[in-house]
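> Following is a predicted model, sequence given first.
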Amino acid sequence: MESLANNLYMKIALIGYGKMGKEIEKIALEKGYEIIYKFDVSNKDDFTVENLQKADVAIEFSQPDSAYGNYLKCFEANIPVVSGTTGWLDKLPDIKSQCENNNQTFFYASNFSLGVNIFFKINKILAKLMNKVPGYNVNISETHHT
């Protein structure tokens, strides 16, 4: 898969240019991709359908209160969206509907962190093991934003 990724050229629009946006930019540039726009609050007037249409994909790591509107603008520009923003899932049914009814592309995960996904897997394994042992009330919690 790595060799395939190295042969692809993508023009990326970053929506949200905080810590994650900067990290995504670094990785994308290392892979030979082009970051054509970095949208954030400092240049919100540049966040237009016309500018988005110059990208092959939008990667969205903004804030929950703006994420939904950002997705809709990307759909209006007819470009795929990868979402790393959390806290907007109350709008997920509408996003799914937009994708199904208007042939849009949207990818999100509850968390892209390797550590958190390892935690999810360990939690599933632990639950299976502990379900076989009566008399215990096991509790596990994860905090990755402090």
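All right, it came through fine. Owing to the predicted nature of the structure, the values given are computational and were not obtained by experimental measurement.

> Kindly list the longest helix within the chain.
For the chain, the helix with the greatest residue count under DSSP state H is helix 114-130.

> helices or strands next to that one in the packing?
Judged by 3 or more C-beta pairs under 8 Å, 6 or more residues apart in numbering; DSSP states H and E, helix 114-130 is in contact with no other helix or strand. Bear in mind the C-beta positions are built from the backbone N, C-alpha and C, glycine included.

> quick one: stretch 37-44 to chain centroid distance?
Relative to the chain's own centre, stretch 37-44 is displaced by 17 Å; criterion: C-alpha atoms, centre = their mean, to the nearest Å.

> Any chance you could list what contacts that stretch?
13-18, 21, 25, 46-47, 51-52, 54-55, 62 (C-beta atoms under 8 Å, 6 or more residues apart in numbering).

> repeat for stretch 80-95
Around stretch 80-95, the neighbours that count as contacts under C-beta under 8 Å, 6+ apart are 16, 20, 56-64, 67-68, 70-71, 74-75, 104-112.

> Out of these, which end up buried?
16, 20, 57-62, 67-68, 70-71, 74-75, 104, 106, 108 (16 or more other C-beta atoms under 10 Å).

> Just the ones in helices from those, please.
Among those, DSSP H puts 20, 67-68, 70-71, 74-75 in helices.

> so what secondary structure elements neighbour the host helix or strand of residue 23?
Per DSSP states H and E, residue 23 falls inside helix 19-30. Judged by 3+ C-beta pairs under 8 Å, 6+ apart, helix 19-30 is in contact with strand 11-15, strand 34-39.

> winner for burial among those strands?
Of all the helices and strands packed on helix 19-30, strand 11-15 has the most neighbours on average by mean count of other C-beta atoms under 10 Å, namely a mean of 22.

> List the contacts of that strand.
21, 24-25, 28, 33-40, 47, 51-52, 54-62, 70, 74, 79.

> That strand: partners in the sheet, and parallel or antiparallel?
The strands beside strand 11-15 in its sheet (DSSP bridges) come out as strand 34-39 (parallel), strand 57-60 (parallel).

> possible to save these as TSV with mean pLDDT and distance to residue 130?
Shown next, in TSV, are these (pLDDT from 0 to 100; distance: least, C-beta to C-beta, whole Å):
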stretch	mean pLDDT	distance to residue 130
strand 34-39	96	45
strand 57-60	96	37
